[in-house]
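Peer 1: how would this look folded up:
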Amino acid sequence: MTPEDARARRRWFTILAARFAGFAGAIFGLMLISRAETLAPKVLGIAIVLSAMAMIAIVPPALAHRWRTPPE
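Peer 2: Now for the predicted structure:
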């Protein structure tokens, strides 16, 4: 494996890790919403879900754009 291949593989796994972290955060927020009995934890759960969804939508494309191969 060439060093470029190894770097590309590390970057790919970093993008996947960012996606999985967002999914885990969204699931955690949904669990918090479903199990909360008062309003404060439900609002916190909603905030966690919204921030996780934003992370899923913003972070992986931003990393891919940052690491894109320059045109020749």
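Peer 1: residues of the longest helix along the chain that come out buried?
Peer 2: Longest helix in the chain by number of residues (criterion: DSSP state H): helix 3-35. Residues of helix 3-35 classed as buried by neighbour count (16 or more other Cβ atoms under 10 Å): 15, 18, 22, 25, 26, 29, 32, 33. For every residue, glycine as well, the C-beta is placed using N, CA and C.
Peer 1: try stretch 38-52
Peer 2: Here stretch 38-52 shows 42, 45, 48, 49, 52 as buried, counting by 16+ other Cβ under 10 Å.
Peer 1: output those residues as CSV; include the columns secondary structure, distance to residue 60 and pLDDT.
Peer 2: Below are those laid out as CSV (DSSP: H, G, I helix; E, B strand; the rest coil; distance: Cβ to Cβ, whole Å; pLDDT from 0 to 100):
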residue, secondary structure, distance to residue 60, pLDDT
42, helix, 28, 96
45, helix, 23, 96
48, helix, 19, 97
49, helix, 18, 98
52, helix, 13, 97
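Peer 1: coming back round to it: can I get the buried residues of helix 3-35 in a markdown table with distance to residue 66?
Peer 2: Putting the buried residues of helix 3-35 into a markdown table (distance: Cβ to Cβ, whole Å) gives the following:
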| residue | distance to residue 66 |
| --- | --- |
| 15 | 10 |
| 18 | 12 |
| 22 | 17 |
| 25 | 22 |
| 26 | 23 |
| 29 | 27 |
| 32 | 32 |
| 33 | 33 |
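Peer 1: residue 36 and residue 42 touch, don't they?
Peer 2: Yes: using Cβ atoms under 8 Å, residue 36 is in contact with residue 42, at 4.5 Å.
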